[in-house]
Each structure stands twice: as C-alpha cells, then as structure tokens.
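Novice: The following block contains a protein sequence and its predicted model.
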Amino acid sequence: MMWMMLAFAGEPADRVVRGELWDGDGGRAGAVVIRDGRIVAVVADPRDHIGPDTVVTEAPFITAGFVDAHAHPDGLGSRLGELELGQSSLASTLQTVAAAPGSGWILGRGWDQNLWTDTPGAWPTATQLDAVTGARPAALRRVDEHALWLNHAALKAAGITADTPDPPGGEILRGPDGEPSGVLVDEAMAAVPIPPPTPAERQAQVRAVALEARRAGLTGMHAMYVSDEALAAFRALDARGELPIRLWVYVAIDSEAAKQLMATGRSGSGRVKIMGVKAFADGALGSRGAWLSADYSDRPGHRGKPIHDGAQLEALATGLLAQDAQLAVHAIGDRAVHTTLDAFASARAKHPESTARLRVEHAQIVAPADQSRFASLGAIASMQPTHATSDSAWVSDRLGAERVPWSYAWRDLERAGARVVFGSDYPIEPLGPALGLHAAITRTHATGEPVGGWRPEQRFTRAEAIRAFTERAAYAVHEEANVGSLSAGQVADLSLWTADWQPLGSIVDGRDD
C-alpha cells in the first residue's frame with residue numbers, strides 16, 4: 001500500500017498514533033497522523049507533525065479499524081436478565097434455569113445439545129423444562145438462534161398443539177405421539193409471544209454492546225436483520241452522540257424500513273447507515289435447518305428446508321438492485337447457497353447497471369461448482385471464522401466425508417475470486433475480532449485445539465485476515481473510500497493491539513472517548 005504525505009512539515013497534528021502498522025500487505029514501523037478526524041499522513045517519522053497539543057499514542061500493532069461484517073448489536077435477545085446457557089450438560093443447564101430469578105417469562109440463550117455430555121446430540125424436551133420452571137413460561141434459544149426450547153406453559157401461550165402444522169420455513173419437533181416435543185426450529189419460533197424490551201431497554205442494551213465492541217477493538221459493525229424497533233434505538237443513540245461505533249444496517253425483510261429501502265434506496269447519516277435488507281435462504285446446520293442438496297448424514301430423509309425460496313429471493317434482489325441497495329442472504333447449506341446465487345444471477349440480468357454489492361451471509365457449505373460464481377456475480381462471501389472452530393467437532397456427523405471439504409472453505413472461495421469478509425455473528429459467537437483473527441489464521445480454538453487446526457489448508461495469513469476485517473469489510477458496504485485502510489484521506493478509525501494481538505481498544509473519528 002502506498003504511503004502518502006499530505007501534511008506540511010511543522011503543521012501540528014491533533015493526534016499521532018505510532019507503532020508497527022499492519023494492513024493487507026503486512027507490517028512496517030511508522031505512524032498515523034490525524035487531524036480533524038481524518039488521516040492526513042502515514043509516515044515513518046512523525047516528529048515534524050507533533051506540536052505541544054498533539055496527543056501521541058503508541059501501540060505495538062496498529063491496523064485500520066476492524067469492522068465486524070456480520071453481527072447483531074441489538075443483542076438478538078441477549079437482554080439484561082437473560083440466562084446464559086453455555087453449560088456442558090443438560091443437567092447443568094436445567095440447574096441454571098431452575099435458579100432463574102423473578103417471575104413471568106424465563107428467557108435465555110446459548111444451549112447446544114451437540115456439546116451435552118449426558119445426552120449427547122439429543123434434543124431437549126418441554127417435560128424436562130417443566131420440572132424446573134413450574135408454571136412460568138420459558139423460552140430458551142439455541143446457540144445458533146435457529147431453535148427455541150419451550151416448556152408446556154410457553155407452548156400453550158403460543159397456541160401450539162399436536163394439530164398445529166409446521167409453518168413454511170420452520171419445523172415443530174414432535175414426539176412419537178405427534179405432540180410438540182418442546183423445540184421449534186426457524187420460522188416456527190415466530191409464534192411464541194415473548195415480551196419485547198422497552199425502547200429504553202433496547203437503547204441501553206445497544207449502547208452496552210457498542211461500548212464493549214470499542215474495548216474489543218472494533219470501530220463498526222454490519223448490523224444484520226435489524227427490526228424497526230432496533231433501528232429506532234440505533235438512531236436515537238446516534239442523535240444524542242451516544243453511539244460509539246459505526247453501524248451499517250441490513251433491515252429485517254418484513255420491516256417498514258425494508259419497504260422504504262425498496263422505494264428510495266440506501267440512506268442514513270452520522271454513524272448509522274441503512275444499506276439493504278437481510279433475508280434467509282435457510283436455517284442453521286447445528287439445528288439441521290440448513291438446506292442441503294442431499295440428506296443429512298445423521299438424519300436420513302431430511303435435507304432442511306428453505307425459509308425464503310428462490311422466487312422470493314429473486315424478487316427481493318431485483319427490487320433492491322433497482323434502487324442500488326443491497327440484499328444480504330443467510331445461506332448455510334449448499335442448496336441454499338446455490339439457490340441464492342441463482343436468484344442473484346437473475347436479478348443482475350435485469351439490472352446490469354446496478355452497482356449494489358449482493359452478499360451471501362455465512363456461505364458455510366458451498367459446492368465446488370458454485371465457488372467461482374461468487375466472483376462472476378460480484379457476490380460478497382461474508383463468513384465467520386469462529387463458526388468453523390465452534391462447529392468442527394460435529395460437522396462431519398451432519399455432512400459426511402464427501403461434503404466436509406466443501407465446508408467453511410474461505411481459502412477455496414478466495415482462490416476462486418470471491419471477496420471474503422469476516423465477522424463474528426455476535427451474540428452467537430463472542431464479541432470482538434481477536435478470536436476471529438486467531439481462528440482465521442490457525443483454524444483452532446483459542447486453546448489451540450484441534451492441534452494443527454481443523455482443515456488447516458483453509459487458513460489465511462495474518463495480512464489476509466486483517467484485510468477481511470478492514471479493507472474488505474469496507475468494500476462490502478461501499479465505504480472503501482472512507483474507511484478500511486491506513487491511507488491519507490481516510491476517516492481516522494483505527495484498532496490498537498498488544499504484541500500478542502489482543503485488543504487495546506479502538507479509535508473512531510480520531511478519538512478514543
């Protein structure tokens with residue numbers, strides 16, 4: 001990357017940040033010179049730019065601001081008072097639920113039946129939950145947010161009985177007698193009347209997440225599947241100057257904001273910009289909702305199912321491209337990815353003049369024949385490195401040996417010409433890019449397991465992984481002229497790192513307040 005000098009010697013900077021500068025080309029010693037919230041120079045020796053009032057910051061490593069390219073800063077339910085259910089067994093999970101304080105609905109998230117040591121792989125039931133909740137309704141989201149575990153009080157509140165049919169794009173799991181067993185998958189979850197947070201609660205939650213994001217080294221997020229209520233919280237915080245990161249927003253397909261986008265295109269100001277609509281081609285692999293082209297290896301006769309089908313995705317993409325707005329489609333299974341790319345191809349043919357960048361979110365299982373289509377369609381491959389390490393223990397159970405080589409293959413997609421961008425899918429994975437950076441480079445958990453990495457041939461170099469969180473994340477939201485690189489003229493959004501690549505926080509608009 002070319003270093004440019006726009007400031008005159010002797011003209012003091014507002015701020016100088018110096019250390020080893022890292023971008024997509026690697027690292028080098030130097031300093032970033034900031035004035036009026038923008039980078040005015042990137043230099044080897046900043047002394048000519050330091051005056052009596054210049055703030056000088058040093059860090060072992062400095063990058064352009066890391067942006068989480070797929071997150072849910074409204075928490076997607078990680079509200080104050082919710083139970084965290086990442087326990088290693090069904091028994092310990094039930095103990096946590098039994099200790100839930102208060103009255104009314106018991107809410108929680110994070111359980112994963114694949115990791116339970118006492119009932120490995122078995123779905124939990126409403127009866128098990130009844131034993132520790134009594135008459136209080138309970139609704140507990142699976143770690144991937146694509147399945148909901150209810151007790152009988154919650155099933156009753158939702159009006160779900162043996163006679164309730166599976167909704168399009170969803171499934172009600174049932175026992176041998178046909179009665180609902182207590183787990184709802186994907187679109188079936190919509191029937192549950194979970195009390196929504198108040199506007200003040202939403203704003204407090206978003207601000208708490210955004211402040212934590214700054215501490216974790218982020219300067220922005222691509223906020224996915226945002227409701228009208230969450231968007232109002234984002235805007236309220238931004239209007240008061242209380243939003244510490246940038247948010248590029250992809251609104252829920254059924255929102256009023258989506259209707260507005262279809263009519264007028266992208267919009268926004270300050271730190272909140274509305275980029276496009278988020279849709280779902282399928283569900284999640286862990287809950288067997290991902291849409292596959294062949295049966296699940298551990299559930300013969302089942303291939304998942306579409307949530308929004310090809311015709312719906314094509315119509316949506318066509319309408320958004322007409323307004324030069326984006327469509328971001330959750331597509332995990334290979335059938336879902338193929339269908340999404342078909343929809344993109346049809347929409348592109350109708351609007352070849354549109355510059356909007358279409359996105360495939362997750363792209364976890366991509367058949368070899370579809371890998372090159374990302375480049376030909378200009379489709380972004382928005383992936384999450386920690387999903388690979390979190391899921392690696394059971395992926396082969398779901399897919400079998402033939403399809404494992406197609407999965408979580410960001411190196412293969414990059415080699416095929418796709419623009420790969422990285423995020424976390426917070427709160428499904430922990431907040432902050434350090435774990436994602438580690439997973440992208442090593443294909444291991446933070447503990448170093450599995451030794452040598454899971455499918456290590458898919459590893460990125462450090463420079464490539466940094467690019468996926470910075471330059472590529474900026475490109476994915478049409479912001480490459482403003483953020484994403486250590487270049488003169490860019491907004492002064494920076495991430496600061498320790499010598500072992502742990503976050504020291506971030507700088508937004510040249511400030512760390």
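Specialist: That came through, no problem.
Novice: Run the chain-centre distance for the strand or helix carrying residue 342.
Specialist: In the assignment (DSSP states H and E), residue 342 maps to helix 334-350. Relative to its chain's centre, helix 334-350 lies at 21 Å (CA atoms, centre = their mean, to the nearest Å).
Novice: helices or strands next to the helix or strand following that helix in the packing?
Specialist: Of the helices and strands lying after helix 334-350 in sequence (DSSP H and E), the nearest is strand 359-362. If you count contacts as 3 or more CB pairs under 8 Å, 6 or more residues apart in numbering; DSSP states H and E, strand 359-362 packs onto strand 326-331, helix 334-350, strand 380-383. Placement of C-beta: from N, CA and C, glycine included.
Novice: Residue 394: which of the ones you listed is closest?
Specialist: helix 334-350 (17.4 Å; CB to CB).
Novice: Mind listing what's buried along stretch 465-480?
Specialist: Neighbour-count burial for stretch 465-480 flags 465-479 (criterion: 16 or more other CB atoms under 10 Å).
Novice: from those residues, which ones fall inside helices?
Specialist: Of the positions in these, 465, 466, 467, 468, 469, 471, 472, 473, 474, 475, 476 sit in helices, assigned by DSSP state H.
Novice: ok, now which ones touch the first one?
Specialist: If I follow you right, that is residue 465. 385, 422, 436, 437, 440, 441 (CB atoms under 8 Å, 6 or more residues apart in numbering).
Novice: Next, give me the two most distant ones among the residues you listed.
Specialist: Farthest-apart pair in those is 422 and 441; separation 11.1 Å (CB to CB).
Novice: Buried ones among the contacts of residue 465?
Specialist: 385, 422, 436, 437, 440, 441.
Novice: The fourth one belongs to a helix?
Specialist: I take that to be residue 437. Yes. Counting by DSSP: H, G, I helix; E, B strand; the rest coil, residue 437 is located in a helix.
Novice: which residue packs closest to it, ignoring adjacent ones?
Specialist: Counting by CB to CB, 6 or more residues apart in numbering, the nearest residue to residue 437 once its immediate chain neighbours are dropped is residue 465, at 5.4 Å.
Novice: residues contacting residue 477?
Specialist: By CB under 8 Å, 6+ apart, the residues touching residue 477 are 222, 248, 273, 275, 326.
Novice: What separation is there between it and residue 23?
Specialist: Using CB to CB, to the nearest Å, we find residue 477 at a distance of 18 Å from residue 23.
Novice: measure residue 314 to residue 54 for me?
Specialist: Distance check for residue 314 against residue 54: by CB to CB, it reads 54 Å.
Novice: which one of these two has more residues nearby?
Specialist: residue 314 (20 against 16; other CB atoms under 10 Å).
Novice: Low-confidence ranges, the stretch 1-150 of the chain, go.
Specialist: In the predicted model of the stretch 1-150 of the chain, residues 1-10, 75-81 satisfy pLDDT under 70.
Novice: Can you show me the helices along it?
Specialist: With helices called from DSSP state H, counting those that start in this stretch, the stretch 1-150 of the chain shows them at 90-98, 126-133.
Novice: now the ones you listed as JSON lines including mean neighbour count and distance to residue 396?
Specialist: As requested, the helices of the stretch 1-150 of the chain are exported to JSON lines (neighbours: other CB atoms under 10 Å; distance: least, CB to CB, whole Å):
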{"stretch": "helix 90-98", "mean neighbour count": "18", "distance to residue 396": "23"}
{"stretch": "helix 126-133", "mean neighbour count": "18", "distance to residue 396": "28"}
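Novice: related to what we said a few turns ago, deepest-packed of the helices and strands packed on strand 359-362, please.
Specialist: Of all those, strand 326-331 carries the top mean neighbour count, a mean of 29, counting by mean count of other CB atoms under 10 Å.
Novice: so which of the contacts of residue 465 comes closest to residue 176?
Specialist: Distances from residue 176 to the contacts of residue 465, taken by CB to CB, are shortest for residue 385, at 40.2 Å.
Novice: Pretty sure residue 444 is one of the things the closest one touches, is it not?
Specialist: No. Contact criterion CB atoms under 8 Å: residue 385 and residue 444 do not qualify, at 10.5 Å.
Novice: follow-up on the earlier one: tell me which of the helices of the stretch 1-150 of the chain sits nearest to residue 497.
Specialist: Of those, nearest to residue 497 by CB to CB is helix 90-98, at 34.5 Å.
Novice: Which strands or helices does that closest one pack on?
Specialist: In terms of contacts (3+ CB pairs under 8 Å, 6+ apart), helix 90-98 is packed against strand 83-84, strand 106-111, helix 126-133.
Novice: In JSON lines, list those along with distance to residue 408.
Specialist: Formatted as JSON lines, the helices and strands packed on helix 90-98 follow (distance: least, CB to CB, whole Å):
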{"stretch": "strand 83-84", "distance to residue 408": "25"}
{"stretch": "strand 106-111", "distance to residue 408": "21"}
{"stretch": "helix 126-133", "distance to residue 408": "32"}
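Novice: Out of these, which is closest to residue 192?
Specialist: Nearest of these (CB to CB): strand 106-111, 10.5 Å.
Novice: mind saving the C-alpha coords of the closest one as PDB?
Specialist: Extracted C-alpha coordinates of strand 106-111, given in PDB (Å, rounded to 0.1, in the frame of the first residue of the first chain):
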ATOM      1  CA  ILE A 106     -37.800 -17.100  31.800                       C
ATOM      2  CA  LEU A 107     -35.600 -16.200  28.800                       C
ATOM      3  CA  GLY A 108     -32.200 -17.500  27.900                       C
ATOM      4  CA  ARG A 109     -29.800 -18.400  25.100                       C
ATOM      5  CA  GLY A 110     -26.700 -20.400  24.300                       C
ATOM      6  CA  TRP A 111     -27.600 -24.100  24.800                       C
END
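Novice: Now for the residue lying closest to residue 243 once chain neighbours are set aside, how many residues are close by?
Specialist: Residue nearest to residue 243 in three dimensions, not counting chain neighbours: residue 237, with 4.2 Å by CB to CB, 6+ apart. Using other CB under 10 Å, the number of residues around residue 237 comes to 22.
Novice: Now do the SS call for residue 237.
Specialist: Residue 237 is classified as helix under three-state DSSP.
Novice: pLDDT wise, what is it at?
Specialist: With respect to pLDDT, residue 237 scores 97.
Novice: Show me where the stretch 201-350 of the chain has its strands.
Specialist: For the stretch 201-350 of the chain, applying DSSP state E, counting those that start in this stretch gives strands covering 218-226, 246-252, 267-269, 272-280, 326-331.
Novice: check contacts around residue 255.
Specialist: The neighbourhood of residue 255, defined by CB under 8 Å, 6+ apart, consists of 226, 227, 228, 231.
Novice: now, which of the residues you listed lie within helices?
Specialist: Those of these lying in helices (DSSP H): 228, 231.
Novice: Restricted to buried residues, select the contacts of residue 255 in PyMOL.
Specialist: Remark: buried members of the contacts of residue 255, expressed as a PyMOL selection using 16+ other CB under 10 Å:
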select buried, resi 226+227+231
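Novice: Enumerate every residue touching the residue nearest to residue 472 when sequence neighbours are not counted.
Specialist: Spatial nearest neighbour of residue 472, excluding adjacent residues (CB to CB, 6+ apart): residue 421 at 4.4 Å. Contact analysis of residue 421 by CB under 8 Å, 6+ apart lists 69, 380, 381, 382, 383, 468, 469, 472, 473, 475, 476.
Novice: For residue 421, give me the pLDDT.
Specialist: For residue 421, pLDDT reads 98.
Novice: Quickly run through the sheet partners of the strand or helix carrying it, with directions.
Specialist: Counting by DSSP H and E, the element that carries residue 421 is strand 419-422. Strand pairing for strand 419-422, determined by DSSP bridges: strand 380-383 (parallel).
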